[in-house]
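*Asks:* Here's my sequence, what's the structure:
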Amino acid sequence: MLTGTLHKIRVLIVDDSAFMRKVIRNMIETDPEIEVVGSARDGAEGVDMALSLCPDVITMDIEMPRMHGLEATSHIMERQPTPIIMVSSLTKEGAHATFEALDKGAADYISKNLVSSSIDMFKIQDELIGKIKAVARKRDKLFGLLGVKRTEPAQPVKRGFATQKVAFVAIGASTGGPRALQEVLTHLPPDLSTPFLVAVHMPKAFTGAFADRLNGLCKLPVKEAQDGEPVRSGQILLSPGGFQTRIRKRSLTDFYVEINDNPSNSLYKPSVDVCMTSVAECYPGRSLGVMLTGMGYDGLEGMRLIKVKGGKTLVQNEETCTVYGMPKAVIEAGIADKVAPLDHIAGEIVNMI
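*Replies:* As a prediction, this is how the structure comes out:
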């Protein structure tokens, strides 16, 4: 029960559509801990209201008249840094704009496909409320992370593991994942021969664009995984949205990617658990599981199986997570070999393989 003295999370909605402003407001106001303090009709008005109202969180449309959402985000982050959740269309163009907004300082994004069905609407409502609460709680630490000193991977040091050499790395992430993955993957050196599989909770239209973006930034090749393709040394594969991705074994040295819709009723597509479990089974004692920022506990069972089969586990620490959910689940289960801040994760991966 809320008391009269409890500070509610104050949200500003910026969207040129009156219908969308109403839908977002109705979703947000189902939670008694959140209140909408204003609604702006375009980016210029959004900047003015952000400066005058000082909201805790802003939801920001991208395509708007007078001032684009990306430009408004830049102005707000320069003049009064505030957690911004982008409201993005599920298109390739929407994906590119969303990743650009994250580069400009936006904290996360939510799908603009808010009214496709009642089931989807309730799912997105829960996701939106969860993200608003998460970025509001992490406000101060989040902006500290935007200016975090980036470090090159540390020199390999002996960790004392008794397992065989790591032959595969599986990485999982969710809320806050795009920025975290970009930080980690762009700092991996070009001479790594170990293959990677990355599973991040992201819509189908976004994963291909995200893989292309990472490929242009990383020293290792990055691509969206395709069904049936072989596992190649030194390549980073991104699990496509809307499907489940597994690593399968043909022979002792021949591994390939399997992509399908099984299980079709899974809450997450891709599921980190599905990806990591397949890696643990194909590379017993020779896999490394890495858990980055995210809401919930998807990936816990996959990390557990990696550990049970003699592999290694690495987890992002609470202080640098946008949402300390998925990493927390692994740590509380007692199966994390190493816990490290985000800007040390790449170096720790190099050390552990």
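
*Asks:* What residue spans form the domains of this structure?
*Replies:* 9-146, 168-352 (automatic domain parsing).

*Asks:* hey, which of those is tucked in deepest?
*Replies:* domain 168-352 (a mean of 21; mean count of other CB atoms under 10 Å). Every C-beta, even on glycine, is put in place using the N, C-alpha and C of the backbone.

*Asks:* start to end distance for it?
*Replies:* One end of domain 168-352 to the other measures 11 Å (CA to CA, to the nearest Å).

*Asks:* who does the strand or helix carrying A280 touch, helix- and strand-wise?
*Replies:* Element membership for A280 (DSSP states H and E) is helix 272-282. The contact analysis (3 or more CB pairs under 8 Å, 6 or more residues apart in numbering; DSSP states H and E) places helix 272-282 against strand 168-173, strand 196-200, strand 244-249, strand 287-291, helix 300-308.

*Asks:* Can you pull out the residues in contact with it?
*Replies:* 168, 170, 172-174, 197, 199, 239, 244-249, 255, 258, 266, 287, 289, 291, 294, 298-303, 305-306, 308-309, 311, 326 (CB atoms under 8 Å, 6 or more residues apart in numbering).

*Asks:* residues touching G208, list them.
*Replies:* By CB under 8 Å, 6+ apart, the neighbours of G208 are 92, 95, 224, 240.

*Asks:* need these in TSV with distance to T59 and secondary structure, can you?
*Replies:* Shown next, in TSV, are those (distance: CB to CB, whole Å; DSSP: H, G, I helix; E, B strand; the rest coil):
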residue	distance to T59	secondary structure
K92	22	helix
A95	18	helix
E224	28	strand
P240	27	coil
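
*Asks:* Which of those residues sits closest to R139?
*Replies:* A95 (25.7 Å; CB to CB).

*Asks:* confidence score at the closest one?
*Replies:* As predicted, A95 sits at a pLDDT of 91.

*Asks:* how about it, what does it touch?
*Replies:* Here A95 is in contact with 88, 203, 205-206, 208-210 (CB under 8 Å, 6+ apart).

*Asks:* Cross those residues against helices and list the overlap.
*Replies:* Counting by DSSP state H, the contacts of A95 place 205-206, 208-210 in helices.

*Asks:* Kindly present those as TSV, with separate columns for distance to K133 and pLDDT.
*Replies:* Formatted as TSV, these follow (distance: CB to CB, whole Å; pLDDT from 0 to 100):
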residue	distance to K133	pLDDT
A205	26	90
F206	23	94
G208	30	95
A209	27	94
F210	25	96
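
*Asks:* Quick check: the nearest residue to S266 once chain neighbours are set aside vs M295, distance?
*Replies:* Distances taken as CB to CB, 6 or more residues apart in numbering place Q244 nearest to S266, at 6.7 Å, with adjacent residues excluded. In this view, Q244 and M295 are 19 Å apart by CB to CB, to the nearest Å.

*Asks:* Low-confidence regions, this structure specifically.
*Replies:* 1-6, 114-121, 140-164 (pLDDT under 70).

*Asks:* can you give me the strands for it?
*Replies:* Assigned by DSSP state E, the strands in the chain fall at 9-14, 34-40, 57-61, 84-88, 108-111, 168-173, 196-200, 222-224, 236-238, 244-249, 255-260, 287-291, 312-316, 338-340.

*Asks:* how about these, which one is nearest G216?
*Replies:* Using CB to CB, these put strand 222-224 closest to G216, at 8.6 Å.

*Asks:* Other residues contacting the closest one?
*Replies:* So strand 222-224 is contacted by 185, 207-208, 211, 214-215, 235-238, 240 (CB under 8 Å, 6+ apart).

*Asks:* Got the phi and psi for S264?
*Replies:* In terms of degrees, to the nearest 10, the main-chain angles of S264 are phi -70, psi -20.

*Asks:* quick one: it and D298, what's the gap?
*Replies:* In terms of CB to CB, S264 sits 16 Å off from D298.
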